[in-house]
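> This is a predicted model, with the sequence first.
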Amino acid sequence: MSAKPEHYDVIRKPIITEKSTMVSENGAVVFEVAIDAAKPQIKEAVEALFGVKVKAVNTTITKGKVKRFRGMLGKRKDVKKAYVTLEEGNTIDVSTGL
């Protein structure tokens, strides 16, 4: 499978936080994905881009906060995260980049 340009549209960036580091010990990786991406699309994109076998994909949508900037109210964008569980023996090193 070769990486198509739309795979890069589905997967925005890896999320490197304390929680994502904890789940990486169990063979999972966390990505920020497009808000309209479906689980099969995410699975296909990760398998094509990184050459690994995906066991499961779980997603969450974090609603954007309302914040104040220079006295004006603004809203941050909603973010969709994908927790991608890999098959045994597969790894992705997100600290190096694509």
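That came through, no problem. Numbers count the residues shown, from 1 in each chain.
> how far is the longest helix along the chain from where the chain is centred?
With secondary structure taken from DSSP state H, the chain has its longest helix at helix 39-50. Centre-to-centre, helix 39-50 and its host chain are 10 Å apart (CA atoms, centre = their mean, to the nearest Å).
> With stretch 9-28 instead?
Using CA atoms, centre = their mean, the offset of stretch 9-28 from its chain centre is 7 Å.
> Same check on stretch 26-34?
That offset, for stretch 26-34, works out to 4 Å (CA atoms, centre = their mean).
> Number of residues surrounding Val79?
15 (other CB atoms under 10 Å). Bear in mind the C-beta positions are built from the backbone N, C-alpha and C, glycine included.
> Apart from its neighbours in sequence, what residue is nearest it?
Once flanking residues are discounted, Val79 sits nearest to Thr62: 4.8 Å by CB to CB, 6 or more residues apart in numbering.
> so who does Ala82 touch?
Contacts for Ala82 (CB atoms under 8 Å, 6 or more residues apart in numbering) come out as 11, 30-33, 37, 39, 42, 57-59.
> could you say what helices and strands the longest helix of the chain packs with?
Under the contact criterion of 3 or more CB pairs under 8 Å, 6 or more residues apart in numbering; DSSP states H and E, helix 39-50 touches helix 5-10, strand 11-14, strand 28-33, strand 54-62, strand 79-86.
> for that helix, which positions count as buried?
With burial defined by 16 or more other CB atoms under 10 Å, the residues of helix 39-50 counted as buried are 41-50.
> possible to save those residues as JSON lines with pLDDT?
Below are those laid out as JSON lines (pLDDT from 0 to 100):
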{"residue": "Gln41", "pLDDT": "93"}
{"residue": "Ile42", "pLDDT": "93"}
{"residue": "Lys43", "pLDDT": "93"}
{"residue": "Glu44", "pLDDT": "92"}
{"residue": "Ala45", "pLDDT": "92"}
{"residue": "Val46", "pLDDT": "91"}
{"residue": "Glu47", "pLDDT": "90"}
{"residue": "Ala48", "pLDDT": "90"}
{"residue": "Leu49", "pLDDT": "88"}
{"residue": "Phe50", "pLDDT": "87"}
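> of those residues, closest to Lys77?
Of all the buried residues of helix 39-50, Lys77 sits closest to Ile42, with 18.5 Å by CB to CB.
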